[in-house]
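> Any chance you could fold what I've pasted below:
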Amino acid sequence: MTEVTTANVASATGIDLTIITYELILNEIEEVRKYVVDKDDMRLTRHLDKAKNYLEELMFSLDMSYPISYDLLSLYLYINKNLVTFRIKNDEKLLKDSDKIVNHMLETWKMLKEKAEKENDQTVMKNTEKIYTGFTYDRAGLSETVFHDHKRGIRA
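Numbering: from 1, shown residues only. Okay, here's the model as predicted:
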């Protein structure tokens, strides 16, 4: 089970938050499977509801000005329908289908994250200093620190 901490969420990018949400959905589906075996309807329902809430979060975060958002919305609605129907029919195949789709989407977003990280690695200005800023605890407020890279300049 993936552990999501406040630090993970606080330092996450938009892609990271999407990945975290998919992982949470998969965790909830796994919990549902566990409670099907244990025949614990109350906990099963609670975890199904959590999975559906995470799906709703993904749906609400879609920017519908992009055509792909409609495709993602259709997938999310299909997964939600499977979860609701599973609760009624108790058909394990519906959980497997949902799990398979969410896993595929998770892997796709992870690949997208890798690609974005590679593209961000290619900075426009190659010969610059990295500047890290952060809030300090003193009255001055913001403190800037420059870490020098000794590879700057022209080698003779």
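> middle-most residue in this protein, spatially?
Nearest to the mean C-alpha position of the chain, counting by Cα atoms, centre = their mean, stands Ile19 at 2.0 Å.
> Can you tell me how far that residue is from Glu107?
Going from Ile19 to Glu107 by Cβ to Cβ, to the nearest Å gives 10 Å. The C-beta positions use only the backbone N, C-alpha and C, and glycine is treated the same way.
> what's the answer for Ala51, then?
Distance, Ala51 to Glu107, by Cβ to Cβ: 18 Å.
> With neighbour numbers in mind, choose between those two.
In terms of neighbours (other Cβ atoms under 10 Å), Ala51 is the more surrounded of Ala51 and Glu107; the figures are 25 against 12.
> how many neighbours does Asp71 have?
Close neighbours of Asp71, defined as other Cβ under 10 Å, add up to 10.
> Surely it is in a helix?
Yes - checked against DSSP: H, G, I helix; E, B strand; the rest coil, Asp71 lies within a helix.
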